[in-house]
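In: After the sequence you'll find the predicted model.
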Amino acid sequence: MTVAMGRADTPLPADVDVAVIGGGIMGLGLAYHLALLSGGKARPPLSIAVIERSYLVSGASGRNGGGVRMQWGDAGNVRLMMESIELCKDLAQQLGINLWFRQGGYLFLARSEAGERRLERNVQLHAEVGAPTRLLTAAEARAIVPQLEVAEVRLATFNPDDGVVFPWAFVWGYAARAVERGVTLRTHTSVVRVEPLARGYALHLHTGEVVRARRVVNATGAWSGALNRQLGIDLPNRPHRHEILSSEPLKPFLDPLVVDLTTGLYFSQSTRGELVTGISLPDAPDGSDESLTLHSSLRFLTHLSATLTRLMPITAAMKVLRQWVGPYDVSPDGDAIVGPSPGHPDFVQVCGFTGHGFMMAPAVGRLLARWLGLGEAHPMLARWSPDRFAAGGVARREDMIIG
Amino acid sequence: MTARTFVCRCEDVTLTEIERAIAAGLSDVEEIKRYTGLGTGPCQGKECLSALGRLLVARGLISPAALRPFTARPPVEPVTFGALAAGATEVPEDPSP
């Protein structure tokens, strides 16, 4: 059965319990899990609407590389991603879609002494948490990816459970199942004004419609600042432009997603056969990387190609097919910004995932729904609190941000 | 027309799949591209995009005047990483920890 979803003319109720602004993977994953709870333990059933300014998959959820890894620099993130990867195993059945989920592992390469120390520290931490990451010599890394030029590689780590997905299908799956369970999904509709009420908020839409919501979730990621500023909510997450490309499709030849810590280069082969690759690019001098304009650059293509062909010379003969841009929603400490907003407890942030929201979304959608629907706590929620910035100073900074 | 009419030959997208996308409420070339994969292969939509546009207009889902192609992705035609690497001006090294 085909479920109608994502229409510009879906009727919106005048009053809802939860209005989610932003139809990306965070907003839709949360709506799906809330709707699942709503039929069961959450009493009474919740009315939920998701409002998306453009089409589904138009933002960062449709523009990322699809990497899913548990190799992080701190125990909370490792545990969260172990949960997310576990969920991915059954998600295709649950959502009724092909996720193109392939667990070929993540291979991290260190070419400096500092990188070597990071990997050693990670492996020790992962062992404590129970993630199956192991240290490899350069020769062992080459046994996994024979085409690698490893002369400069000092140390590597490999986790066989890490993998890749194809992002588009994921988002459509959450959308279809959410709608099936009663979530109202309206696309091509912007929220132009958020008006605080005695209880909840009135969302004024560009169509002239008004939706009153008991609670509002800001799941607009890199675009969240404009909505927050309307309510005087001052949070430090900022958009940052990231470029990525894919090659012509080839027969499967590359198992893991490879990351070079020194250059921030990463590449993987998608289940569709394309090489999907990006790199940390030094900021353009004109400041355009902080804007939300999504234009591609030749500078990215040449910089990435020079780095990639040095690390994997065989790629010199491969062809680039298409390049595009997506925004990271960068939080100053690399941790997400999730929870009640300062001064606006019923305006909930689900933002600041710093380029790694997609891989975390399966776990985040579920834990957020349990918190919003059942009041259930989760250790990451304390850490992600939007209030932490006002308390002055940031305790730690995640150093395994890639791209 | 049969169920095996291919609209996008690069990504094997059939007319039936596009019909399914339209039945799901999708009517914009950008969203149909992301729902079916149409136009994301080697020809980058040069062959299939006009067929999709014509179908949407014929169904009354969009007016010819409002119809726009999806965002063109560089490069215009496939280019090797080797050729692009030769054009690099900066030394690709960043001694991040």
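Out: That came in fine, so what should we check first?

In: For the residue nearest to A:D283 when sequence neighbours are not counted, which residues are in contact?
Out: Spatial nearest neighbour of A:D283, excluding adjacent residues (CB to CB, 6 or more residues apart in numbering or on different chains): A:D289 at 4.8 Å. Where C-beta positions appear, they are placed from N, C-alpha and C, glycine not excepted. Listed by CB atoms under 8 Å, 6 or more residues apart in numbering or on different chains, the contact partners of A:D289 are A:240-241, A:281, A:283.

In: Assign a three-state SS to A:D289, would you?
Out: At A:D289 the chain is in helix, as set by DSSP: H, G, I helix; E, B strand; the rest coil.

In: Select the longest helix from chain A.
Out: For chain A, the helix with the greatest residue count under DSSP state H is helix A:75-95.

In: Could you pull up the mean pLDDT of that one?
Out: For helix A:75-95, the mean per-residue pLDDT is 96.

In: Of all the residues in the helix or strand B:I22 falls within, which ones are buried?
Out: B:I22 is part of helix B:15-23 when elements are defined by DSSP states H and E. By neighbour count on 16 or more other CB atoms under 10 Å in any protein chain shown, the buried set for helix B:15-23 is B:15, B:17-18, B:21-22.

In: Reformat these as JSON lines; add pLDDT and distance to A:A361.
Out: Listed next are those as JSON lines, based on pLDDT from 0 to 100; distance: CB to CB, whole Å:
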{"residue": "B:L15", "pLDDT": "94", "distance to A:A361": "32"}
{"residue": "B:E17", "pLDDT": "94", "distance to A:A361": "25"}
{"residue": "B:I18", "pLDDT": "95", "distance to A:A361": "28"}
{"residue": "B:A21", "pLDDT": "93", "distance to A:A361": "23"}
{"residue": "B:I22", "pLDDT": "93", "distance to A:A361": "27"}
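
In: Pick the one among these closest to A:R181.
Out: Here the nearest of the buried residues of helix B:15-23 to A:R181, counting by CB to CB, is B:A21; it sits at 21.1 Å.

In: what secondary structure does the residue nearest in space to the middle of chain B sit in?
Out: Centroid check for chain B by CA atoms, centre = their mean gives B:G39 as the closest residue, at 2.4 Å. Three-state call for B:G39 (three-state DSSP): coil.

In: got a list of what it touches?
Out: Neighbouring residues of B:G39 by CB under 8 Å, 6+ apart: B:8, B:10-11, B:33, B:45, B:48-49, B:52, B:70.

In: Now it. Nearest residue, chain neighbours left out?
Out: Closest residue to B:G39 apart from its sequence neighbours, by CB to CB, 6+ apart: B:G45 at 3.2 Å.

In: residues in contact with the one you found?
Out: B:8, B:33, B:38-39, B:69-70.

In: Same question for A:S341.
Out: Each residue near A:S341 by CB under 8 Å, 6+ apart is listed here: A:218, A:228, A:231, A:233, A:235, A:347-349, A:386.

In: doesn't A:V320 fall inside a strand?
Out: Yes - per three-state DSSP, A:V320 lies within a strand segment.

In: partner residues bridging it?
Out: A:S247, B:V79 (DSSP bridges).

In: Ok, A:P340 next?
Out: Counting by DSSP bridges, the residues bridging with A:P340 are A:V348.

In: What is the neighbour count of it?
Out: 15 (other CB atoms under 10 Å in any protein chain shown).

In: List the contacts of it.
Out: Contacts of A:P340 (CB under 8 Å, 6+ apart): A:346-349, A:386.

In: Looking at those, spot the one nearest A:A175.
Out: Ranked by distance to A:A175 (CB to CB), the contacts of A:P340 are led by A:V348 at 20.1 Å.

In: Quick check: the closest one touching A:V217?
Out: Yes - here A:V348 reaches A:V217: they are 4.8 Å apart, a contact under CB atoms under 8 Å.

In: what about those two, which has more around it?
Out: A:V217 (27 against 23).

In: Now do the helix holding B:I22: which elements does it pack against?
Out: Secondary-structure packing of helix B:15-23 (3 or more CB pairs under 8 Å, 6 or more residues apart in numbering or on different chains; DSSP states H and E): strand B:6-8, helix B:29-36.
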